[in-house]
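Q: Compute the structure for the input listed below.
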Amino acid sequence: MDAIDHKILMQLQANAKQNTKEIAGKVGLSVTPTYERIKKLEQQDIIKSYVALLDRNKIGKKLIAYCQVTLVQQQKKLADSFKSEMRLLPEVMECHEVSGNFDYLLKIAVDDIAGFHLFINQKLSIIDGISTIHTSFVLDSVKDSTAYSL
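A: The predicted structure is shown next:
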């Protein structure tokens, strides 16, 4: 990737609905080379997909919680099972295997505290192999970005 590819990626991260002509004008290329670069970035899986970012408050997902999950043992079978379960839970926005004092960090999005209570009691805590769950609730988002710096 070169500086032009970086500019294209920054433009797409800012607004993926821009057409190729608009992007080309902003990065200093003509339309055809810009189109070809975008296609190449897609083929290389640098651009994984195009999505719409939603205002979580306007769709009722007003509570964000981060759960620190520790498994009872460090076994591949147990970890693989946990990961599979996480992929099935729509409330889990992100699941990261981490180093440190716990094994996984989950980002949970739910409607409210009652929704979180149901999620914990009926979905997360019933998964085999979980030892502890520690939760922090988001009070205010100082920065909430999806764009990577390049």
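Q: Which strand or helix spans the spatially most central residue of the chain?
A: Centroid check for the chain by C-alpha atoms, centre = their mean gives residue 94 as the closest residue, at 5.2 Å. Element membership for residue 94 (DSSP states H and E) is strand 92-97.
Q: packing partners for that strand?
A: Where contact means 3 or more C-beta pairs under 8 Å, 6 or more residues apart in numbering; DSSP states H and E, strand 92-97 is packed against helix 76-88, strand 104-110. Bear in mind the C-beta positions are built from the backbone N, C-alpha and C, glycine included.
Q: Deepest-packed of these, please.
A: Of all the helices and strands packed on strand 92-97, strand 104-110 has the most neighbours on average by mean count of other C-beta atoms under 10 Å, namely a mean of 19.
Q: distance between that one and the chain's centre?
A: 10 Å (C-alpha atoms, centre = their mean, to the nearest Å).
Q: List the neighbouring strands of that strand plus their orientation.
A: Strand pairing for strand 104-110, determined by DSSP bridges: strand 63-71 (antiparallel), strand 92-97 (antiparallel).
Q: Near residue 9, how many other residues are there?
A: 20 (other C-beta atoms under 10 Å).
Q: Kindly state the pLDDT recorded for it?
A: Listed pLDDT for residue 9 reads 97.
Q: Could I get the contacting residues of the residue of the chain positioned farthest from its centre?
A: The outermost residue of the chain relative to its centre, with distances by C-alpha atoms, centre = their mean, is residue 30 at 32.7 Å. Contact analysis of residue 30 by C-beta atoms under 8 Å, 6 or more residues apart in numbering lists residue 24.
Q: Show me how the record splits this protein into domains.
A: According to automatic domain parsing, the chain comprises the domains 3-43, 63-137.
Q: Residue 148: which of these is closest?
A: Residue 148 sits nearest to domain 3-43 of all these, at 7.1 Å, using C-beta to C-beta.
Q: end to end, how far does that closest one reach?
A: Taking C-alpha to C-alpha, to the nearest Å, the first and last residues of domain 3-43 lie 19 Å apart.
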